[in-house]
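Visitor: just need the structure, nothing else, for what follows:
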Amino acid sequence: MKNLALILFASILIQACIPTGGGTSTPKLPNITVKGKHIIAPCGDTILLKGVNYAVYNWGWNATENLFHEIALSGANCVRIVWYKNNSASAYSNLSLLDSAISRCVQQKMIPILELHDVTCSNDTTAIITTANYLTQNTVKTILLKYQKWLILNPVNEAGYVQWNGNNETRFKLMYQTIISNLRNAGLNMPLMLDASDCGQHLNLWKNIGQALQTFDPKHNLIFSAHAYWSAYANTSTAINHLLNDAATWNIPIVLGEIANKQDDNAGNCSLNVDVAAVMQAAHNNQIGYLAWVWTNDNCAARQMTSNGNFNTLTSYGNTIVNSSNYGIKFAKKSKCW
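Guide: Model prediction:
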């Protein structure tokens, strides 16, 4: 009888350990991943990125500025953080400030997207690769791994000021393959957000080489970004819809890493108008994420979402970004993981 009781007890324990059909749970992952055109949070839910760009510490000159708590009031679920490998501003040589920026972003339950701004619109592939390698330095990598659950890396901002079609497109792909290999070999497994060529504007580049790069990445964890300064690409709502409707069929994760109401002309003046509301609506309709440029402190006042960084100083442009019905960032959903 004693043996029979032990057998029955063991049987009960075994049955208790077998999950029932309705009791399965989604395993948690170590970091954000992608699947097809979707971005997946660590606990398995899909994220549509809607947020802002933010030059933390006022472009490096004011280390007391850190306004993630103000950005969070907008409803944003992500922040693209401007950083530099080399810059005369003192903040960028202080890695504790980088740690603080990422930490405060995460504390506000927003996904940090770290971007390096050094080689904006550069065609120097060696300089671009060297800039991205900054992320593999041990002192930097230690910080990145500390926040790897939520962190997205945008290794270089707006690489290349030409479209880089044909042979140049191949050159662009090879450049990013080198960057991907270097970062993955350093143990950085979080998503890499890659900017398109032509200063980030050439969205159709990803139609041509996006899948090949996703296959090349050993982690298959790439997000493809374009910056919607499209006076030369899509300067009407019809053209914007056509471009983003097509992008939604490519089965790769697309994000508009910068959108704005103004675009710089060839002289550097923000004189070109962009129908930012049309961009937002078309992106939302196609489940494509976007990040507005910029929360505060831009060389173009009309392109600032706030007048001084505080949420209660939203500009007219900022109000469009935040409060547009259905597709403004106040309607952004945050992951259930938080």
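Visitor: when you work out contacts or count neighbours from here on, use the C-alpha atoms and nothing else.
Guide: OK.
Visitor: can you give me the strands in this protein?
Guide: All strands of the chain, identified by DSSP state E, fall at 33-35, 38-40, 46-47, 50-54, 78-83, 111-116, 152-154, 192-195, 222-227, 254-259, 262-263, 272-273, 289-292.
Visitor: format those as TSV; extra columns: distance to Asn326, mean neighbour count and mean pLDDT.
Guide: Below are those laid out as TSV (distance: least, CA to CA, whole Å; neighbours: other CA atoms under 10 Å; pLDDT from 0 to 100):
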stretch	distance to Asn326	mean neighbour count	mean pLDDT
strand 33-35	25	20	98
strand 38-40	20	21	98
strand 46-47	16	20	97
strand 50-54	12	28	98
strand 78-83	18	25	98
strand 111-116	21	24	98
strand 152-154	26	26	98
strand 192-195	26	27	98
strand 222-227	22	26	98
strand 254-259	17	27	98
strand 262-263	22	22	96
strand 272-273	23	14	94
strand 289-292	14	26	98
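Visitor: how about those, which one is nearest Asn310?
Guide: strand 50-54 (12.5 Å; CA to CA).
Visitor: need the strands of the chain in CSV with distance to Ser100, can you?
Guide: Output for the strands of the chain, formatted as CSV (distance: least, CA to CA, whole Å):
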stretch, distance to Ser100
strand 33-35, 24
strand 38-40, 25
strand 46-47, 24
strand 50-54, 14
strand 78-83, 12
strand 111-116, 12
strand 152-154, 16
strand 192-195, 21
strand 222-227, 25
strand 254-259, 22
strand 262-263, 31
strand 272-273, 35
strand 289-292, 21
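Visitor: out of these, nearest to His69?
Guide: Ranking these by their distance to His69 (criterion: CA to CA) puts strand 78-83 first, at 11.4 Å.
Visitor: partners of the closest one, with directions?
Guide: Strand 78-83 has its sheet partners listed here by DSSP bridges as strand 50-54 (parallel), strand 111-116 (parallel).
Visitor: closest to Ala282 out of those strands?
Guide: Distance to Ala282, taken as CA to CA, is lowest for strand 50-54 among the strands paired with strand 78-83, at 13.3 Å.
Visitor: angle of the closest one against strand 254-259?
Guide: 40 degrees (axes from the mean of the first three to the mean of the last three CA atoms, to 10 degrees).
Visitor: gap between strand 50-54 and the chain center?
Guide: Computed by CA atoms, centre = their mean, to the nearest Å, the chain-centroid distance of strand 50-54 equals 9 Å.
Visitor: same thing with stretch 291-302?
Guide: Between the centre of stretch 291-302 and the centre of its chain there are 17 Å (CA atoms, centre = their mean).
Visitor: span of it from start to end?
Guide: The first and last residues of stretch 291-302 sit 16 Å apart, counting by CA to CA, to the nearest Å.
Visitor: quick check: buried residues in it?
Guide: Across stretch 291-302, burial judged by 16 or more other CA atoms under 10 Å covers 291-298, 300, 302.
Visitor: in a markdown table: those residues, plus distance to Leu153.
Guide: Output for these, formatted as a markdown table (distance: CA to CA, whole Å):
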| residue | distance to Leu153 |
| --- | --- |
| Leu291 | 15 |
| Ala292 | 17 |
| Trp293 | 18 |
| Val294 | 18 |
| Trp295 | 19 |
| Thr296 | 22 |
| Asn297 | 23 |
| Asp298 | 22 |
| Cys300 | 26 |
| Ala302 | 28 |
